[in-house]
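**Q** Mind looking at a prediction? Sequence and model below.
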Amino acid sequence: MTYLAELDAYIDPVKESLKRVRLVIFDVDGVLTDGHLNYSDKGESLKRFHVRDGVGLKLLADMGFQVAIVTAKDSLMVKKRMNELGIQHYFPGVKDKLELVQKLASSLSVSLEECAFVGDDMVDLPPMQEVGISFCPSDAYPLIGEMADIVLAVPGGKGVARLVCDILLHSKEQFEAAYQLASSSMFERIRNK
């Protein structure tokens, strides 16, 4: 099976919902990272990000999607990574993700039906149930896997954002144009906010 055929298998059951997406919201721990916590000898929490996820987040933004990162924790490491990627909507230390998603969508004039949420644990369930389409990694908490519209074939921290990006771009027939852009020297420009 080709990669595009694999993407079609995700897309076909929820094609209309995917076509409406304008805002994509990602959790961090367990989605953009593998969910493990590592601490340095100074007590700092270390996080490991997949470079392909960075490409996916940049491609979504370059192709006209609004991209947001919403996390319950506040980490300098995550802030640095989001700044490197030029993420305009980064929200650390969020206790009520649904309330934040509702406010963000309203401020961007986007309906909840036009939002996608990517989460992996119970704190992500309220927004996942309210948006137009929800995704989770293959190793999400079991109840999240049962509730998500799309369970991805990759675990957290192993390319979740890139796969979500490819599904969305392919569903909107932007896949080829996006990867022509990703192949250009312009794609690697500095994107700091």
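**A** Noted; the coordinates are in hand.
**Q** Can you name the next helix or strand after the helix or strand of the chain with the lowest mean pLDDT?
**A** Sorting the helices and strands of the chain by mean pLDDT, DSSP states H and E puts strand 45-46 at the bottom, at a mean of 76. Using DSSP states H and E, the helix or strand that follows strand 45-46 towards the C-terminus is helix 51-62.
**Q** Can you tell me, leaving aside adjacent residues, what's nearest to the residue nearest the centre of the chain?
**A** In the chain, the centroid-proximal residue (Cα atoms, centre = their mean) is residue 26; its distance is 3.6 Å. Leaving aside its chain neighbours, residue 26 sits nearest to residue 118 (4.7 Å; criterion: Cβ to Cβ, 6 or more residues apart in numbering). (Each C-beta comes from the backbone N, C-alpha and C, glycine too.)
**Q** burial measure for that neighbour, as a count.
**A** 29 (other Cβ atoms under 10 Å).
**Q** Report the separation between residue 30 and residue 181.
**A** 29 Å (Cβ to Cβ, to the nearest Å).
**Q** Could you check which of these two is surrounded by more residues?
**A** Remark: of residue 30 and residue 181, residue 30 carries more neighbours, 24 against 15, as counted by other Cβ under 10 Å.
**Q** Find the nearest non-adjacent residue to the more buried one, please.
**A** residue 120 (3.6 Å).
**Q** dump the residue contacts of that neighbour.
**A** For residue 120, the contacting residues are 27, 29-31, 35, 136-137, 139-141, 144, 156, by Cβ atoms under 8 Å, 6 or more residues apart in numbering.
**Q** picking up where we left off before, just grab the bridge partners of the residue nearest to the centre of the chain for me.
**A** Legend: beta-bridge partners of residue 26 under DSSP bridges are residue 69, residue 118.
**Q** contact partners of the least confident helix or strand of the chain?
**A** By Cβ under 8 Å, 6+ apart, the list of residues contacting strand 45-46 reads 37-40, 73, 75, 77.
**Q** Stretch 130-143 spans what distance, first to last residue?
**A** Using Cα to Cα, to the nearest Å, one end of stretch 130-143 lies 16 Å from the other.
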